[in-house]
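Asker: Give me a 3D structure for the following:
(one chain, ligands or ions: 1)
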Amino acid sequence: MCGIVGYIGRKQAYPILIEGLKRLEYRGYDSAGVALMPAKNIINVYKSAGKVKQLEAAVAGCDVAGCAGIAHTRWATHGEPNKENSHPHCSMGGRLALVHNGIIENYAVLKEKLTAEGYAFASDTDTEVLVQLIDYIQKKGNYNLVTAVQLALKEVVGAYAIAVMDRENPEMIVAARKSSPLVIGLADDGLYLASDATPIIEHTNRMVYPDDEEVAALYKDGSYRIMNLENVECCHEAQTVALNIGQLQKGGFPHFMIKEIYDQPECLADCMRGRVMADMNRIVISAVNNYKDVLMRAKRFIIVACGTSWHAGLIGKQLIESFCRIPVEVEYASEFRYRNPVVGKDDVVIAISQSGETADTLAAIELARERGAFIYGICNVVGSSIARATDTGSYIHVGPEIGVASTKAFTGQVTVLAMFALALAQVQGKISGEQMKETIEELVSVPDKIREVLKQDDYINNMAKVFTYAHNFIYLGRGYAFPVALEGALKLKEISYIHAEGYPAAEMKHGPIALIDMNMPVVVIATKSPLYEKVVSNIQEIKARGGKILAVITEGDTVIKEMADYSIEVPETMECLESLVTSVPLQLLAYHIAANKGLDVDKPRNLAKSVTVE
Ligand code: M6R
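Answerer: So this is what the prediction gives:
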């Protein structure tokens, strides 16, 4: 969490930094701050609790000149989200200013040592300890900033992406990273740095991605050097990043979340482009082709992920098991990493992550790799830490997802998992040509089916009005629909702050049915599937106890339509792909309830898009 951005060059830094912070706000929005270096011996620092807008208001009328600057948007870890704990943090005396994304785990020991050396601290943060440590080392050894940063980082345990300025050297910004993302943008007017490419892309598409424990010195004349902590020069080729600026804007929608829900038909078409062959007979996933021997040798797949990506993993399990007949386990990455799991060289671990930066998922990958497993990544953010930490993988290619609540990434992940399962079944020879053709035809029809669902947005909004002030919700589904129920409940709770739980419908009678009364809305995914009749019985059990039924049904189903209080019809879809269609009305329902409550849908309280802390 937290976003950092920096600029040094010929342009004024402040507008670049403020716009950059707005792009990075999805990473955290507890506070924001900026430091500008207009000339030697001057660093002006401005900070504010709250969002970037509040920072802008606080800075109005202040001196914001300077062609070098760094800025930060915070998701609080150490210390409450107030102005004092906002970044940039300065060294005692104000020579250095620093922004940081990550956690300095041994900050308490370092702080004690620095306090004994006479350092006083103005905040409760681990970051302030780091800037004071750099200052201490720099002064003690009379080192330049690069050397001081290298020496300080050798003492640090934890994760960091940092940018530091020294007012005695206004020609340079120093940046470094370990386990937190950092990208450097190369432009004709100067150099940019950020937590990801989104604040940089409107200035340049040429980017360099430093590796862990590397330090970059960015100079005002546009030159730069990257070294490791031992000061050995590191060479990284600049990459051309393809990112469409329109994807970073709301495009007329009131929130990113609703835009991203509406983007899904095109996103899924992009995700399938070049992979689903025009003759409808083949799926080509290059990673599956390139590593087919490893994948076919696997005795087991283990999917590791968090949150929504974990829900996609539950659907992936059913897809892979049913098409490839290989056992699949789905693990919360946060549990997997700490429970001494049985994993080894016969396993393929599939790590799913939209951001590609989730700390728990990254740690699970490292553990599995140490034990000899082959790692396959499914990520959205190109060049992200998880994408680079895996042996191979597939991008979901749905474009930047800005709303904190994941929508198009979920359907993109399920689409990739479906293509992965089909491609692997194909190389295994476990799927007939006919079944392949039929499933592919269904897959390519999904974007149009989602378009049909989106036409019911007004109806779903009206339904949402009835339930806006409910205190609890239950979501039910069976088979492929169970993870959809979990995902629907997660969407609702994270953006509307309404308590919601997802259950397999048949589990109701083992406890949760005790919660049912006239005040309990129950969302049931009740489409035509082999378990349809059983779900009908589950609905009757709820009705008998006064619960309100909101059913997602197959178009033309009059039976459940008559039983339910509200029903949303979705086009009939092959069961294994149905989650791609049924998840969309649940995204819309959650969105409208939160929007009706006037909540900040894209930036729900206490959350951040990219969870880079454990
Ligand atoms: O970037 P990741 O997919 O690794 O993120 C995992 C979760 O943090 C994420 O899905 C989270 O649950 C979302 N806010 C859900 O909408």
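
Asker: Show me which residues of this structure sit near the ligand.
Answerer: Contact residues, the chain versus the ligand (C-beta under 6 Å from any ligand atom): 306-309, 353-355, 358, 361, 404-406, 490, 494, 607, 610-611. Heads up, the C-betas are built off the backbone N, CA and C, glycines and all.

Asker: try 8 Å
Answerer: With the criterion set to C-beta under 8 Å from any ligand atom, the chain comes near the ligand through 305-310, 352-358, 361, 380-381, 386, 404-407, 409-410, 413, 490-491, 494, 607, 609-611.

Asker: nearest spatial neighbour of Gly20, skipping sequence neighbours?
Answerer: Setting aside the residues directly before and after it, Gly20 is nearest to Pro199 in space (C-beta to C-beta, 6 or more residues apart in numbering), at 3.1 Å.

Asker: Mind checking what secondary structure that neighbour has?
Answerer: State at Pro199, reduced to three classes by DSSP: H, G, I helix; E, B strand; the rest coil: coil.

Asker: remind me which residues of the protein are low pLDDT?
Answerer: By pLDDT under 70, the weakly predicted segments of the chain are 1, 278.

Asker: Could you chop it up by domain?
Answerer: Following automatic domain parsing, one finds the domains of the chain at 3-243, 247-452, 455-601.

Asker: And for the residue of the stretch 501-614 of the chain found nearest the ligand, the neighbour number?
Answerer: Nearest to the ligand in the stretch 501-614 of the chain, going by C-beta to the nearest ligand atom, is Val611, at a distance of 4.6 Å. Residue crowding around Val611 was assessed by other C-beta atoms under 10 Å; the count is 20.

Asker: mind checking the SS state of it?
Answerer: On the three-state scheme (three-state DSSP), Val611 is labelled coil.

Asker: How many residues are close by the residue nearest to it when sequence neighbours are not counted?
Answerer: With sequence-adjacent residues excluded and distances taken as C-beta to C-beta, 6+ apart, Val611 is closest to Thr358, at 5.3 Å. In terms of burial, Thr358 registers 29 neighbours under the definition other C-beta under 10 Å.

Asker: ditto for Val535
Answerer: Applying other C-beta under 10 Å, we find 25 other residues in the vicinity of Val535.

Asker: For the helix or strand hosting it, which residues meet the burial criterion?
Answerer: Following DSSP states H and E, the helix or strand that holds Val535 is helix 532-544. For helix 532-544, a neighbour-count test (16 or more other C-beta atoms under 10 Å) marks 532, 535-536, 538-539, 542-543 as buried.

Asker: just checking, which of the residues of the chain next to the ligand belong to strands?
Answerer: When strands are assigned by DSSP state E, the members of those inside them are 305, 352-353.

Asker: Among these, which one sits closest to Arg297?
Answerer: Comparing these against Arg297 with C-beta to C-beta picks out Ile352 as the nearest, at 21.5 Å.

Asker: my read: the closest one touches Gly307, true?
Answerer: No - with contact defined as C-beta atoms under 8 Å, Ile352 and Gly307 do not form a contacting pair (10.0 Å).

Asker: And the ones in strands among the residues of the chain next to the ligand, which is closest to Ile134?
Answerer: Here the nearest of these to Ile134, counting by C-beta to C-beta, is Ser353; it sits at 31.3 Å.

Asker: So the closest one sits against Asp360, correct?
Answerer: No - between Ser353 and Asp360 no contact is recorded; they are 9.5 Å apart, counting by C-beta under 8 Å.

Asker: and these two? which has more neighbours close in?
Answerer: For Ser353 versus Asp360, neighbours defined as other C-beta under 10 Å are more numerous around Ser353 (33 against 23).

Asker: Looking at the chain, which residue is nearest the ligand?
Answerer: Relative to the ligand, the nearest point of the chain is Gly307 (2.0 Å; C-beta to the nearest ligand atom).

Asker: Next, count neighbours for the closest residue in space to Met37 that isn't next to it in sequence.
Answerer: Taking C-beta to C-beta, 6+ apart, and ignoring the residues beside it in sequence, Met37 has Ala68 as its nearest neighbour in space, at 4.4 Å. Residues near Ala68, counting by other C-beta under 10 Å, number 25.
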